[in-house]
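> Turn this into a structure:
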Amino acid sequence: MSATAGPLVRLYPVRALELLYSLLPGIDVNDIWKCTDIFVLMSDLLEMMPVADMSAGNLVGLSDQQMELVEKTRGFENFVVEFMNRCFTLIENSRRENFRSDGGNNEEYLNDEEIAADAAINDTFLRMCVNSSPQILAVIFKKLTKYLAGKIVEPTVAGGILASMCKSLVQCDPGKGLQFFIPTLARCISTRVRERGEGIKVEIGHKLDEELQFNLQLLSEVIGVKNVGVFRSRGRDILPWVEDICSVLDCTLNLGLKDEYELSHIVMSGLLTWLCHTRLVEVGDRVGRGWGEMVSPQEIPLEWYVPGEQEMMAVNKLLERYLAPVMRQLESFSKGEITLEKEELQRNLKLVLKILTGVSELMEPERNGEWESVLSTNLKWMEKASIKLGGQSVRVVVNRLMCMVQDKLVKDNSDDYESFSGILYVFDMLLFCYGMDEDEIGDHIEDHKREKLHREDKLVKGKKHLPSVHLERITLQWETHVWLKNLLVLESLPRSLLDHIFALCIHRYSEVRVVAQELFLKLVGRVGKSCHNIVIP
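Okay, the predicted model is just below:
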């Protein structure tokens, strides 16, 4: 049925709608694989139809067949409510119970059934939200926020599904979504951290704090703008809520438990990415389009979000507030002026990595001499929005600092293999990450090919596709252009960084050697023969 969803919606919309409604009773918590197949078919149908009650429009001059379709669309609101009820039932039955005495999670990885449920629910929910009219989207928003009120969900399975649903909803209506979620979550997180500080409801030892972790997970998801499948957010949407998010970061960035501070680091990276990430913005309304209608790119009203003066001012303030103190601390540590415990050093390195990943699209590459690569001269307008630290390139400053920290560790703490690995991850980001890593772009290309092949109308020749296919293709083109502009070449390969990576390739701990050698081979493979005389003695 999924293979025939396109022709069915285009030629027999009434039957397609009846099929969609009839699928709801098949969502059964006792057979997750059957549910997955049903969600896939629902997703294919919802992708091609406007989720709106058309009876409120002008009905003059409609044929009997069109009137029948209009009458069928009256059931969309009930369908949405019932669909969400069944999703919530699935989420509640996907919850993992912890039986360990310390309250820790027995297994961090998802099994096949959990992965299938997560992907199927979120993809179907996203398609429904994207094509919903404002009235239906308001129903979805009210239903989801009511369910979340006072809810505490374990973060591994159920929390991940619920957080992704919230992310889809926020991306479909960023203004309204952020206005609800950010103040609510900021208040809950600050209250919980304060209670722990005062000894109220505090766990004994290092137990899992599900309430705090779920709220941090929810916050990190709703401010994520990468790989969301929706193109409606701008930097100005989040500007009024930057200080609320900072109030969360102030009290969570330095928490003791690894699971907690890593979620806070993701929030930090997500906020910077929302402000810095140049992206496509769809300004039209998909609800008015025909059922299963294929369009050309020129028919989709589009704009581009490019970070402006206000966004850049906010980013610079965030870097001064959160990155500068950590870098000063690491510099003092490298000079022997202060002492850092292993856990604190690893936490600082992870924070530096997440912050720099968030602004990496606006960090110009380190350069030795004039460009000889033609690709490196593309997109010169982006140089105006590049971020500096003290008037210097961010990558130059961070590269120098990481080399100093590595030298200090080699001298005094050569057994701290986790910190060495953290330094190598920063080196990897400095060399290869410009908004997205090239591995992520490769995955995006494969996903787009599969999606395009699945959605295309094989009976109609030409360049017309569903709007979502065109939007993903344009986004992919932009990501590829940015990647090619900053492709690693000999002129952008810092010699000091290369020497430090090579030194860790022969480190005495295998955990460090594996990471360093993988990065070293990736680097040599990218630059090619021109670097062999530098690498080979």
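
> from what I can see residue 359 touches residue 276, true?
Yes - the criterion here is CB atoms under 8 Å, and residue 359 meets it with residue 276 at 5.1 Å. Bear in mind the C-beta positions are built from the backbone N, C-alpha and C, glycine included.

> Report the set of residues contacting both of the two.
Common neighbours of residue 359 and residue 276 are listed as 315, 387 (criterion: CB atoms under 8 Å, 6 or more residues apart in numbering).

> For the helix or strand hosting residue 350, name the packing helices and strands.
Taking DSSP states H and E as the definition, one finds residue 350 inside helix 342-359. Contact here means 3 or more CB pairs under 8 Å, 6 or more residues apart in numbering; DSSP states H and E; on that basis helix 342-359 packs against helix 258-276, helix 324-334, helix 394-412, helix 417-432.

> how about those in a markdown table, adding mean pLDDT, mean neighbour count and distance to residue 194?
Putting these into a markdown table (pLDDT from 0 to 100; neighbours: other CB atoms under 10 Å; distance: least, CB to CB, whole Å) gives the following:
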| stretch | mean pLDDT | mean neighbour count | distance to residue 194 |
| --- | --- | --- | --- |
| helix 258-276 | 94 | 22 | 15 |
| helix 324-334 | 94 | 16 | 22 |
| helix 394-412 | 93 | 18 | 33 |
| helix 417-432 | 94 | 21 | 30 |
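
> any chance of these in CSV, with distance to residue 72 too?
Listed next are the helices and strands packed on helix 342-359 as CSV, based on distance: least, CB to CB, whole Å:
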stretch, distance to residue 72
helix 258-276, 39
helix 324-334, 58
helix 394-412, 56
helix 417-432, 51
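
> Looking at the ones you listed, which is nearest to residue 162?
Counting by CB to CB, residue 162 lies closest to helix 258-276 out of these; the figure is 14.8 Å.

> Send me stretch 523-537 as CSV with only the CA atoms.
Coordinates of the C-alpha atoms in stretch 523-537 are reproduced here as CSV (Å, rounded to 0.1, in the frame of the first residue of the first chain):
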residue,chain,number,x,y,z
LEU,A,523,43.5,13.7,7.4
VAL,A,524,46.1,12.2,5.0
GLY,A,525,43.3,10.8,2.8
ARG,A,526,41.6,14.1,2.5
VAL,A,527,44.8,16.2,1.7
GLY,A,528,46.3,13.6,-0.5
LYS,A,529,49.8,13.2,-1.9
SER,A,530,50.7,16.9,-1.3
CYS,A,531,51.1,16.2,2.4
HIS,A,532,53.2,13.0,2.1
ASN,A,533,56.5,14.8,2.3
ILE,A,534,55.4,16.3,5.6
VAL,A,535,54.0,13.1,7.1
ILE,A,536,56.6,10.5,5.9
PRO,A,537,60.0,11.0,7.5
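
> Identify each buried residue in it, please.
Residues of stretch 523-537 classed as buried by neighbour count (16 or more other CB atoms under 10 Å): 523, 524, 527, 531.

> Find the nearest non-adjacent residue to the first one, please.
To tie it back to what came earlier, the one meant is residue 523. residue 431 (6.4 Å; CB to CB, 6 or more residues apart in numbering).

> Verify the stated contact: the one you found with residue 527.
No - Residue 431 is beyond contact range of residue 527, at 9.7 Å (criterion: CB under 8 Å).

> Determine the residues that are contacts of both of these two.
By CB under 8 Å, 6+ apart, the residues touching both residue 431 and residue 527 are 488, 493.

> hang on, the earlier thing: for the buried residues of stretch 523-537, which one is nearest residue 230?
For the buried residues of stretch 523-537, the nearest to residue 230 is residue 523 (35.1 Å; CB to CB).

> Verify the stated contact: that closest one with residue 498.
Yes - assessed by CB under 8 Å, residue 523 is found in contact with residue 498 at 7.2 Å.

> Need the residues touching each of those two.
Joint contacts of residue 523 and residue 498 (CB under 8 Å, 6+ apart) are residue 531.

> Alright, calling it a day.
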